[in-house]
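> Dropping a prediction and its sequence here:
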Amino acid sequence: MAAQALGLHTGMALAQAQALVPNLHVTNATPEEDEASLRELARWAIGYSPVVAPDPPDGLWIDIAGVAHLFGSEEALLQDLTDRLTRQGIAAKAAVADAPGAAWAVARFGPGGIVPTGRMVDAVATLPLASLRLAADKLGALHRLGIERVGQLAAMPRAPLVRRFGRDVALRLDQAMGHVFEPISPLIPQETPMATRVFAEPIGRLEDLKRVVLHLAQDLCRQLERRSEGVRRLDLVVQRVDQRGASLRIGTARANRDAAHLARLFDERLQTIDPGFGIEEIVLIASRVEPLTETQTEARVLAGESEVEADMGRLVDRLGARVGAGQVYRLAPVPSLVPERMARRIPALAPPTGSVWPENLPRPTRLLDPPEPVVATALLPDHPPRFFVWRKIRHMVARADGPERITPEWWNGDSGSTPRDYYRLETEQGGRFWIFRDAPADQGGRWWMHGFFA
Amino acid sequence: MDPGQQDRLADLRLRIARLEGGSSKVCPLPFGVAAIDSHLPGNGLARGALHEMVEAGLAAEFAGCATLFTAGIAARLKGPVLWCLTRRDLFAPGLLRAGLHPDRVIYAEAARDRDILPLIEEGLKEKGLAVVIGEVTRMGLTASRRLQLAAESSGVPALVIRRWWTVAEKDLVHLPTAAVTRWRIAPAPSEPMPAPGLGRERWQIELLRCRSAEPRTWIVEACDAKGRLALPADLADRPDQAANRRATAR
């Protein structure tokens, strides 16, 4: 920008520039280094969105669909991005639009900022033709016709335009106006282990997909073995012939490097991928890895230890791939006497807690949550009921035990609730129930059914 | 029956056993109650097999007894247990009464009933598990056959607790399945205590269906802290009533 103010511009002869600015500091252009630093910048921008692509020589695509709310709004995101870049000493101009082409045009030749949804045609129309990313010869030919603005080009009849200047002019125009879908191929950080397979002939059969995934997993595991790492999260990205993509993500409970096992985790969900007219590229990315050292299997077999532990990891992964990792869990005791709070979920492979609930407490095997109201009649206050009506059936109580008072735990936040008196009841048929009264009888406590014993 | 016929019969039995596969190879799991064990083929529950538990009684949809009965079987085995469920009404502290330590149980929760059967099958492929327990509403012949085959190939027993929430679903429970045994557990009145309070609970457990054993009914005392059943002392020497009980069960 400072250079432009001095009258310098790209394409100028060096001698002319030096004549214009006497003490001009000249360095040789290093496109490779420029590109490397652009990639570096793109990697930094992954903090904004997972889909970031460098656009050499001087641009960056960031797909902020579904990301803007994390920053409050699109304006806030844009402000944050430009502020940070300025602080790094990078002069940047940014634009947000519905289509990448429009954003490119507005950022470079327009005012920047945000193009409102559906206003792309207006925003682009007044920009110079150079904002269309056209080849230099096409640009020159259009200039000779006197076409200077995008709006003029858009107003031309389509068929002669294509015949005369080729299909790419029309395509660029459509991309800038958002009429056609333009894919952004995201940057994947280089150190991420990944395996790719591109097919000369598109594939679509489920068996083929499974076989390819297994091959990719084997490739990936060989890479990981060299780096002594194991997979914690694996992404499968599928590119269809029509440039649409699909992706699957699986997680493992602990670092894993067993290709057959990893491939099997995808088995169930591969059928959810719609191959369309065929799949031309499959990429398997280990998006999260953890150090995993070699294990000496022979030594373990010699020692006679069972491989139960390792098998559990595999089982938990397979179950997690079916129902979601959060749905496979263990229950660990919580030091609390309020029934609803006695257990908490811990990861299925968490180390054994070793703790148990107090063993002498009679507790039901099934709990009603929430408790259901019961009409019960006791002979005396604070005695167990003689009979109760639950779900329209009258149960005569033969034997009873109780009360067991469970007080609310104010330190856990239930200050508003009242102490409960629990009774274990056995009906004349032998069924055992756990019912409670939510307040002492003289305070008008009501009865609730809470659980079922064996 | 002359000796020749007996030889031929023994030969046939051997061939049938060979056709049926390897469930006899691993030792079955005894209940520790002589009356039940001696009635079952192989003196106990077959390990690599599918067993069904059905609850009877007034609060049968909650399967309180069947849950503890199943947990007791699991507690007497060694190793991790996989428990597949859809509803969150299981109360883990209650399982401790049968001796099932919480560190041993891995729960897998599915949102829909039809996702449970694949989870059970996945668990049955894992040889390191002690037992796979599943809470299932719908289980047809084909599905149960799949589970039975998976259990046979790995030797891990599958215990299925049949659950239902509507009357229509309750009728499904009585449809035939490929399970090796089907048990019905109902609460029974316990022995009166000399003082107010509750004694050890009693169940009436019925063997409804079992390959190569007659249906039969026992009244037992519920699982203790090690998962063991026991015959009630006052009933142990009672005359056998299995015949008329079977008639009422039908």
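It's in.

> Next up, the contacts around A:Glu426.
A:397-400, A:432, B:189-190, B:198, B:201 (Cβ atoms under 8 Å, 6 or more residues apart in numbering or on different chains). From N, CA and C alone the C-beta is placed, and that goes for glycine too.

> Mind checking which of those residues land in strands?
A:397-400, A:432 (DSSP state E).

> so which of those residues is the most crowded?
Most neighbours among those, by other Cβ atoms under 10 Å in any protein chain shown: A:Arg432, with 25 neighbours.

> For chain B, which residues score under the pLDDT cut-off?
B:1, B:20-26, B:235-250 (pLDDT under 70).

> my bad, should have said the stretch 351-454 of chain A
Looking at the stretch 351-454 of chain A by pLDDT under 70, you get A:454.

> who in it is up against chain B?
A:352-354, A:356-357, A:359, A:361-369, A:393, A:395, A:398-401, A:424, A:426-433, A:451-454 (Cβ under 8 Å from any Cβ of the partner chain).

> Summarise which helices and strands whichever helix or strand A:Ala107 is part of is packed against.
Following DSSP states H and E, one finds A:Ala107 within helix A:100-109. If contacts are counted by 3 or more Cβ pairs under 8 Å, 6 or more residues apart in numbering or on different chains; DSSP states H and E, helix A:100-109 sits against strand A:59-62, strand A:95-96, helix A:120-125, helix A:167-177.

> Take the ones you listed and write them to a markdown table, including mean pLDDT and distance to A:Gln243.
A markdown table is the format used below for these (pLDDT from 0 to 100; distance: least, Cβ to Cβ, whole Å):
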| stretch | mean pLDDT | distance to A:Gln243 |
| --- | --- | --- |
| strand A:59-62 | 86 | 15 |
| strand A:95-96 | 89 | 23 |
| helix A:120-125 | 84 | 20 |
| helix A:167-177 | 85 | 13 |
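
> Save these as a markdown table, and put in distance to chain B and mean neighbour count too.
Below are the helices and strands packed on helix A:100-109 laid out as a markdown table (distance: least, Cβ to the nearest Cβ, whole Å; neighbours: other Cβ atoms under 10 Å in any protein chain shown):
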| stretch | distance to chain B | mean neighbour count |
| --- | --- | --- |
| strand A:59-62 | 35 | 20 |
| strand A:95-96 | 38 | 20 |
| helix A:120-125 | 41 | 20 |
| helix A:167-177 | 42 | 20 |
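
> Of all these, which one is nearest A:Gln218?
strand A:59-62 (32.8 Å; Cβ to Cβ).

> What's the first helix or strand after the helix or strand containing A:Thr252?
According to DSSP H and E, A:Thr252 maps onto strand A:245-256. On the C-terminal side of strand A:245-256, the closest following helix or strand by DSSP H and E is helix A:259-270.

> Mind giving me the packing neighbours of the helix or strand following that next one?
Remark: after helix A:259-270, the chain's next helix or strand is strand A:279-291, criterion DSSP H and E. In terms of contacts (3+ Cβ pairs under 8 Å, 6+ apart), strand A:279-291 is packed against strand A:194-203, helix A:206-227, strand A:229-240, strand A:245-256.

> Averaged pLDDT, strand A:279-291. What do you get?
For strand A:279-291, the mean pLDDT works out to 86.

> Determine the angle, from 0 to 180 degrees, between that strand and strand A:245-256.
30 degrees (axes from the mean of the first three to the mean of the last three Cα atoms, to 10 degrees).

> Of the contacts of A:Glu426, which is the nearest to B:Pro30?
The closest of the contacts of A:Glu426, once distances to B:Pro30 are taken by Cβ to Cβ, is B:Glu201, at 21.7 Å.

> Can you get me a residue count around the nearest residue to the closest one once chain neighbours are set aside?
Sequence neighbours aside, B:Ala222 is the residue nearest to B:Glu201 in space, at 4.4 Å (criterion: Cβ to Cβ, 6 or more residues apart in numbering or on different chains). Neighbourhood size, B:Ala222 [other Cβ under 10 Å]: 25.

> for A:Val323, same thing?
A:Val323: 20 neighbours (other Cβ under 10 Å).

> Might you report the residue contacts of it?
B:108-111, B:115, B:119 are the contacts of A:Val323 under Cβ under 8 Å, 6+ apart.

> Now it, what are its backbone angles?
With angles defined as degrees, to the nearest 10, A:Val323 sits at phi -110, psi 0.

> Show the pLDDT at it.
Turning to A:Val323, the model gives it a pLDDT of 87.

> Mean neighbour count and distance to chain B for the helices and strands packed on strand A:279-291 - can I get that in TSV?
Putting these into TSV (neighbours: other Cβ atoms under 10 Å in any protein chain shown; distance: least, Cβ to the nearest Cβ, whole Å) gives the following:
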stretch	mean neighbour count	distance to chain B
strand A:194-203	14	26
helix A:206-227	17	17
strand A:229-240	21	19
strand A:245-256	18	11
